[in-house]
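Enquirer: Sequence first, predicted coordinates after that:
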Amino acid sequence: GLLIKQGKIRGWGMCNDNAYGLAASCAAARAIGVPPPVSMQNDFSLIDRRAEENGVSEASSEIHENVGFMAYNALAGGFLTGKYLTGPPPTSDNPSFATSQLTRLNPRGRHDEPNWGRTLYRYRSGPATDATKLYAKLAEKYEIPLTDLALRWSQSRQLVTSTLVGHTSKKQLQESIRIFNVKNKPLSDELLWEIDRVHMMNRLPIFASTRVGADWYGEGEIGERIP
């Protein structure tokens with residue numbers, strides 16, 4: 001509260017928390033007489049709709065805590081652009097040393113980078129890749145780029161106050177500006193329903209897997225605990 005009174009910050013926010021954490025933080029702030037959080041930043045995309053299903057959407061709404069929701073990784077680290085669906089697999093997934101070296105030296109994006117690639121593995125799990133391919137087919141059917149579909153869908157959700165985007169080039173920035181142009185027509189109800197139908201096949205594909213080792217003993221692909 002002191003930093004806000006001093007004018008050093010306008011407000012404060014939270015990241016990667018759930019509905020309970022958001023509500024509890026707001027209650028704690030009110031209890032000690034300081035402003036509650038003004039924003040919640042969570043992972044949110046076509047292949048990660050947890051925030052709409054775990055109570056964050058309701059908790060952050062105007063009639064409850066009235067906290068703005070910022071969606072990050074709306075393009076799943078670039079996977080929802082479709083650029084990894086063709087050509088060699090992402091570097092850390094590639095069984096061929098020769099072609100993996102090509103993408104390591106000339107990465108298409110973060111999924112080809114050694115460090116980021118392993119961190120972002122969840123967006124290219126078997127089920128997540130299957131879902132992305134189906135969304136790519138929808139984008140082709142409705143004659144819009146997959147990137148447009150992913151970002152415009154995110155921004156259309158009632159939960160989302162702002163969609164955060166990251167760029168590695170001026171061209172990508174210009175592309176995002178074009179996509180978020182207010183003159184663009186909303187995605188049609190027919191397309192939104194087809195998106196929901198894909199979603200209902202696997203409601204959380206990023207944490208599903210088509211390859212589960214018998215020797216993993218309660219851990220996921222990178223050693224994370226399975227709840």
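Expert: Perfect, thanks for sending it. Numbering: from 1, shown residues only.

Enquirer: Sketch out the low-pLDDT regions of this structure for me.
Expert: 182, 222 (pLDDT under 70).

Enquirer: Which helix runs longest in it?
Expert: As assigned by DSSP state H, the longest helix anywhere in the chain is helix 126-141.

Enquirer: Just name whatever secondary elements whatever helix or strand comes next after that one is in contact with.
Expert: Note on helix 126-141: by DSSP states H and E, the next helix or strand toward the C-terminus is helix 146-156. If you count contacts as 3 or more C-beta pairs under 8 Å, 6 or more residues apart in numbering; DSSP states H and E, helix 146-156 packs onto helix 126-141, strand 162-163, helix 170-179, helix 189-201. Heads up, the C-betas are built off the backbone N, CA and C, glycines and all.

Enquirer: I'd like these as JSON lines, with mean neighbour count appended.
Expert: Output for the helices and strands packed on helix 146-156, formatted as JSON lines (neighbours: other C-beta atoms under 10 Å):
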{"stretch": "helix 126-141", "mean neighbour count": "18"}
{"stretch": "strand 162-163", "mean neighbour count": "19"}
{"stretch": "helix 170-179", "mean neighbour count": "13"}
{"stretch": "helix 189-201", "mean neighbour count": "13"}
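
Enquirer: closest to residue 52 out of those?
Expert: Closest approach to residue 52 among those (C-beta to C-beta): helix 189-201, 9.6 Å.

Enquirer: Measure how that closest one sits relative to helix 146-156, angle-wise.
Expert: Relative orientation of helix 189-201 versus helix 146-156 (axes from the mean of the first three to the mean of the last three C-alpha atoms, to 10 degrees): 90 degrees.

Enquirer: Centre of the chain to helix 189-201, how far?
Expert: 17 Å (C-alpha atoms, centre = their mean, to the nearest Å).

Enquirer: Next: stretch 161-174.
Expert: For stretch 161-174, the distance to the chain centre is 14 Å (C-alpha atoms, centre = their mean).

Enquirer: circling back: with distance to residue 19 added, can I get the helices and strands packed on helix 146-156 in CSV?
Expert: Formatted as CSV, the helices and strands packed on helix 146-156 follow (distance: least, C-beta to C-beta, whole Å):
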stretch, distance to residue 19
helix 126-141, 24
strand 162-163, 19
helix 170-179, 29
helix 189-201, 20
